[in-house]
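Asker: After the sequence you'll find the predicted model.
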Amino acid sequence: MQSTIDAMDDELWDKLIQDVAYLFDDLTLKRGFQYYKQKRVRPFAVTDARKIITLVEGNDDYSVVIDLDNLGNSRCECPVKGPCKHMAAVLMHYADMQKRSLQTLANAKAAASLQRPASPKLPPGAASMLARQDLLQQQASRIPEAGVAEWREFCVSCTAPLAHTSRTPGYAEKALAAILKYKPSMSPATEKLFLLHAHLFVLETITKPQGPAQTTFVSSMGYFAHMTVTELQDSIGQLLTSALPLRVESQQWPRAMEILDYLRLQMLSEPRARSREQPYFRIAYELYWEHWLEPNLSDNKLYEEELDQLRTAETELGTSLSRHAWLLAQSRMYFYLGDDPPAWAHLRTAADTPALQPEDLLGFLEPLYSAGDWDRLVNWLVQTGPLLGSRIYGNLKDYSSYWDAVVAQRPESEPLMWSTLSEMLPLAGEIYGEKLLIHEKWQVWMDYQLANGKEPADFRVRDLQPLEKHAPETLLPFYHQAVERFVLDKNRQSYKAAVKLLKRLSKLYKKMKQEERWELYIHSFSVRNSRLRALQEELRKGKLIT
């Protein structure tokens, strides 16, 4: 065993790239790169026979032997027959020890294709340009029949000249234009899948830079990069909300599953910004299920298989797992299965972190509302309400509107609405108060305002008009107590405010046909405060006393 590793010259490096490109598919290389980044490869040296013997940690520890002189003779103890992610991870580790480009190795197929020599008869630069165009045309011609791994190689080749440009808003447009320039004609389903993959690939290049920039997470991107991501997300959303004709082109299901594998991996390894996890690929994952997969399914098998894939991913990704996205994805699969209790349990766990957003919960309500599944929607409103009310989320009007729809269809669910909204206080105070007024629970509304120390000045006149019209007696203590507090301030401005309220009290007593009671009160009030000259002046100006 050598104590040191001999340096690899350029010729051996080029040969390694060619061998890796021939033996490994693109997805295996990407997974191997992930394993390498997770430090799953045990330390190793190179034998005198130029072989690497080491262990790679996964669900189990697998022994790997890499023959550097004849890569095809390499082997791994894992169940995969042939080149696998464990072998790829070891090669990544070896390339790093040699100070070689991991990005080039991870994209070996594209890199190997670009290593063809240029014709010496052409001017400098022209040969490589023609060779590149020839490569792209060859790759493009295979797109209609190729798998997603080869699609990715094509995208890498198309965007190679942009690899070192800044991620300004124009970057995404240029990258997509470079990819679509050579796009051949395809069937409708194939074209939609390819367009989605192209957009996702560009999104990945912005949010998950490779090489030295890989530690620069999305959270530290500049304003223009964020604009680019937002534009891309909008385009992806528009694409995914249109139908995918998988029932007509059922032969495209394998491609759809390859894209699902890609989306899942990207979603579960999204970079983090402090305590939050970026939802760029998770949003696409959810739309992909909602609009492209779920409408084309005839049974629950794929949901169950996806749950298995998600559970496996927890072990494979380890500490790089985006746990929030992982929990929400499982919740969504249970939702599709109609198995709500575990879906709620996963959401409650996700709510323990600041990453949970209103749309994460409201996204489960809209499909039930659209389907008119009122009984199930009631249960989801009861379960998700406290999660929304457990932190400052601001506007809860969307959540409130679902309750309006449910109560209109299922009046017997109204007590559940009140108990749920009560549990969401104080952050749900605005919608709770609005609903009390809508449902004409005047006294409960007033008790709630008094308990929260509200003043008449906290409300516009029109806000209190329903009570003045339908339940004026509930406003009497509200106004009387406020008048007394104004008097205690003992300044002209407060006296003016007290007089305004007294005028409104006068109208309330008149509406209740209790003018005599009012006269007794205003006389007593005037006498009791006779020494307050400024107040007496304001009372006279307001024509409340003579």
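Answerer: Looks like it arrived, so ask away. Numbers count the residues shown, from 1 in each chain.
Asker: Is V56 in a helix, a strand, or coil?
Answerer: Using DSSP: H, G, I helix; E, B strand; the rest coil, the structure places V56 in strand.
Asker: Report the spatially closest residue to it, excluding sequence-adjacent ones.
Answerer: H86 (4.1 Å; Cβ to Cβ, 6 or more residues apart in numbering). Where you see a C-beta, it was placed from the backbone N, CA and C, and this is true even at glycine.
Asker: That neighbour contacts D61, doesn't it?
Answerer: No: shown here, H86 and D61 do not form a contact pair, counting by Cβ atoms under 8 Å, at 9.7 Å.
Asker: okay, these two: which has more neighbours?
Answerer: Legend: neighbour count by other Cβ atoms under 10 Å for H86 and D61, higher for H86 (26 against 13).
Asker: dump the residue contacts of the more buried one.
Answerer: G32, Y35, V56, G58, Y62, V64, C76, C78 (Cβ atoms under 8 Å, 6 or more residues apart in numbering).
Asker: pLDDT check: weakest of the residues you listed?
Answerer: Ranked by pLDDT, the contacts of H86 bottom out at G58, which scores 77.
Asker: and the gap between that residue and V80?
Answerer: 11 Å (Cβ to Cβ, to the nearest Å).
Asker: So which of the two has more stuff around it?
Answerer: It is G58, of G58 and V80, that has more neighbours when counted by other Cβ under 10 Å, with 18 against 13.
Asker: What spatial separation is found between the more buried one and E173?
Answerer: Counting by Cβ to Cβ, the gap from G58 to E173 is 40 Å.
Asker: And for Q536?
Answerer: For Q536, the distance to E173 equals 74 Å [Cβ to Cβ].
Asker: Likewise for R42?
Answerer: 45 Å.
Asker: Over to W418?
Answerer: The value you get for W418 to E173, if Cβ to Cβ is used, is 51 Å.
Asker: do T353 as well
Answerer: Computed as Cβ to Cβ, the T353 to E173 distance reads 35 Å.
Asker: now do H86
Answerer: Going from H86 to E173 by Cβ to Cβ gives 39 Å.
Asker: Sketch out the strands for the stretch 201-350 of the chain, chain order is fine.
Answerer: For the stretch 201-350 of the chain, the strands defined by DSSP state E, counting those that start in this stretch cover 272-273, 276-277.
Asker: One more: the stretch 1-150 of the chain?
Answerer: Along the stretch 1-150 of the chain, counting by DSSP E, counting those that start in this stretch, strands occupy 51-57, 61-67, 75-76.
Asker: Looking at the ones you listed, spot the one closest to I522.
Answerer: With Cβ to Cβ as the criterion, I522 lies closest to strand 51-57 of the strands of the stretch 1-150 of the chain, at 84.6 Å.
Asker: Could you tell me the angle between the closest one and strand 61-67?
Answerer: 160 degrees (axes from the mean of the first three to the mean of the last three Cα atoms, to 10 degrees).
Asker: And for strand 51-57, what's in contact with it?
Answerer: With Cβ under 8 Å, 6+ apart, strand 51-57 has contacts from 35, 40-47, 61-68, 76, 86, 89-90, 94.
Asker: The spatially closest residue to A482 that is not a sequence neighbour: what's it in contact with?
Answerer: Counting by Cβ to Cβ, 6+ apart, the nearest residue to A482 once its immediate chain neighbours are dropped is P456, at 5.0 Å. P456 makes contact with L464, F478, Y479, A482, L501, according to Cβ under 8 Å, 6+ apart.
Asker: Which of those residues sits closest to A7?
Answerer: Distances from A7 to the contacts of P456, taken by Cβ to Cβ, are shortest for L464, at 83.2 Å.
Asker: thinking the closest one is in contact with T474, fair?
Answerer: No: L464 is not in contact with T474 according to Cβ under 8 Å; the separation is 9.9 Å.
Asker: Quickly list what's touching both of these two.
Answerer: The contact sets of L464 and T474 do not overlap (Cβ under 8 Å, 6+ apart).
Asker: Need the residues that contact the one helix or strand A178 maps to.
Answerer: In this assignment (DSSP states H and E), A178 forms part of helix 169-180. Applying Cβ under 8 Å, 6+ apart, the contact partners of helix 169-180 are 154-155, 158-159, 161-162, 165, 198-199, 201-202, 205-206, 224, 227-228, 231-232.
Asker: okay, now the residue nearest to L240 when sequence neighbours are not counted: neighbour count?
Answerer: In space, and not counting its chain neighbours, L240 is closest to L287: 4.0 Å by Cβ to Cβ, 6+ apart. Neighbours of L287 under the rule other Cβ under 10 Å: 19.
Asker: Return the distance of L287 relative to R40.
Answerer: Taking Cβ to Cβ, one finds L287 at 32 Å from R40.
Asker: Find the residue at the geometric middle of the protein.
Answerer: The residue lying closest to the centre of the chain (Cα atoms, centre = their mean) is P279, at 3.0 Å.
Asker: what pLDDT does that residue get?
Answerer: pLDDT, P279: 83.
Asker: That one contacts P271, correct?
Answerer: No: if you go by Cβ under 8 Å, P279 and P271 don't touch, sitting 11.1 Å apart.
Asker: Identify each buried residue in stretch 455-473, please.
Answerer: P456, L464, L467, E468, P472 (16 or more other Cβ atoms under 10 Å).
Asker: Return the subset of the residues you listed lying in helices.
Answerer: Counting by DSSP state H, the part of the buried residues of stretch 455-473 found in helices is L464, L467, E468.
Asker: I'd like the distance between the first one and A482.
Answerer: According to Cβ to Cβ, L464 stands 12 Å off from A482.
Asker: do the same with the last one
Answerer: When Cβ to Cβ is the yardstick, E468 and A482 sit 15 Å from each other.
Asker: One more: the second one?
Answerer: Look at L467 and A482: by Cβ to Cβ, they are 14 Å apart.
Asker: would I545 count as being in a helix?
Answerer: No: under three-state DSSP, I545 falls outside any helix and is assigned coil.
Asker: I'd guessed it sits against I522; true?
Answerer: Yes: counting by Cβ under 8 Å, I522 is a contact partner of I545 at 6.9 Å.
Asker: Name the residue in these two with the higher neighbour count.
Answerer: I522 (17 against 13).
Asker: for the closest residue to the more buried one other than its chain neighbours, what are its contacts?
Answerer: Leaving aside its chain neighbours, I522 sits nearest to L544 (5.8 Å; criterion: Cβ to Cβ, 6+ apart). Residues in contact with L544 (Cβ under 8 Å, 6+ apart) are V499, L502, K503, S506, I522, S526.
Asker: Try it again at 7 Å.
Answerer: By Cβ atoms under 7 Å, 6 or more residues apart in numbering, the contact list for L544 reads V499, L502, I522.
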